[in-house]
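J.: What shape does this take:
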Amino acid sequence: MEAIKTDNLTKKFGDLTAVDGLSLSVAEGELFGLVGSDGAGKTTTMRLLTAIMEPTSGDSWVMGLHTLRDAEAVKGEIGYMSQRFGLYPDLTVQENIDFYADIFGLPRRGREKRVDELLAFSNLVPFRKRRAGNLSGGMKQKLGLACALVHTPKVLFLDEPTNGVDPASRRDFWRILYRLLKESVTIFVSTAYLDEADRCNRVGLIHQGKLLACDTPAALKGLMSGTIIEVRTGEPRRAARLLRERMPDADVGLFGDKVHVVTGDPEGAGREIETVCSREGLPLLGKRVIEPGLEDVFVSVLSDSATETGKQLK
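T.: The predicted model follows:
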């Protein structure tokens, strides 16, 4: 059974189309990642799927329930953790979880066991009496997740849950998500971190409200056109600028302290890279052909999309 399904789902705010004809499906027990930059439409998609917002047109279903016609029933089947999850800083960890248990009408009988399970699950047992306002960013995210899980939802929606969280806490958070998958919880997560998307069963790439591609991370990497040459130099920003100027037929991008050159002629491009660096006095520390990452794929797909749009405009 499909846990989530959308059919031409669209949301407009005046002249702005935030979600544009989105059609996708997510299987039960799947970890699905929606990836895009800020303003791509990730949060609006989440709000449509969680029955918080009504679409302009199109349809969506969660666990077979229509998100517009069966909105209240949908809310009973899901857990939702927004970017700014509504924790109460003056309440303790335990009190926050109890509060959400009351909201979801969790019976008093058996509640203590459920709360203890969630505290253990999220590694918050030692902090149950600490006020939420005094928790670290990573611990706040874990508490938010525990609150979203208190009523044992079948589908969990997480909107950029690790944004601004330190790398160690991000790893801990994803370990918790993997444990949830073993309990057959369907997880729909949005993220701007491409390394996190690599952990998902399938990934959707969204830009300006449109779904550009959707598949497994491995299959998406197969969409990459051309070969990637990774260039290491002492001046990566200057190198990227010069290589863009001197190699107009290649796609040149800055990835941290490295430059990626995407080309259909790796041998010729390799020689040209050496020539440019030598001529401009750039210290070339190394160059090598590498496998594409999802970030490379995303940039490539965006570039292909822009090229296609340009052709259509002509």
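J.: Domain map for the protein?
T.: Taking automatic domain parsing as the criterion, the chain consists of the domains 2-221, 227-291.
J.: Compare these and give me the one nearest residue 298.
T.: domain 2-221 (5.7 Å; CB to CB). Any C-beta I mention is one placed from the backbone N, CA and C, and that applies to glycine too.
J.: May I see the domains of the chain organised as a markdown table, with mean pLDDT added?
T.: Output for the domains of the chain, formatted as a markdown table (pLDDT from 0 to 100):
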| stretch | mean pLDDT |
| --- | --- |
| domain 2-221 | 92 |
| domain 227-291 | 93 |
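J.: and among those domains, the most buried is which?
T.: Comparing the domains of the chain by mean neighbour count (mean count of other CB atoms under 10 Å), domain 2-221 comes out on top with a mean of 18.
J.: What strand or helix carries residue 18?
T.: strand 16-27 (DSSP states H and E).
J.: picking that back up, can I get the domains of the chain in a markdown table including distance to residue 300?
T.: Below are the domains of the chain laid out as a markdown table (distance: least, CB to CB, whole Å):
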| stretch | distance to residue 300 |
| --- | --- |
| domain 2-221 | 10 |
| domain 227-291 | 7 |
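J.: nearest to residue 297, of these?
T.: domain 2-221 (5.2 Å).
J.: What is the end-to-end distance of that closest one?
T.: One end of domain 2-221 sits 25 Å from the other (CA to CA, to the nearest Å).
J.: before we move on, the earlier item: select, out of the domains of the chain, the one closest to residue 301.
T.: Taking these one by one with CB to CB, domain 2-221 is closest: 5.1 Å.
J.: Tell me where the protein has strands.
T.: In chain order, the chain shows strands spanning 2-13, 16-27, 31-35, 57-62, 65-66, 78-81, 155-159, 186-191, 202-207, 210-215, 227-233, 251-255, 258-263, 284-290, with DSSP state E as the criterion.
J.: could you list every residue that touches the closest residue to residue 287 other than its chain neighbours?
T.: Of all residues beyond its chain neighbours, the one nearest residue 287 is residue 231 (4.9 Å), with distances taken as CB to CB, 6 or more residues apart in numbering. Residues counted as contacts of residue 231 (CB atoms under 8 Å, 6 or more residues apart in numbering) are 239, 243, 258-261, 273, 284, 286-287.
J.: Please identify which of the residues you listed is nearest to residue 90.
T.: residue 258 (45.9 Å).
J.: Can you tell me who that closest one pairs with across the strands?
T.: Per DSSP bridges, the residues bridged to residue 258 are residue 232, residue 255.
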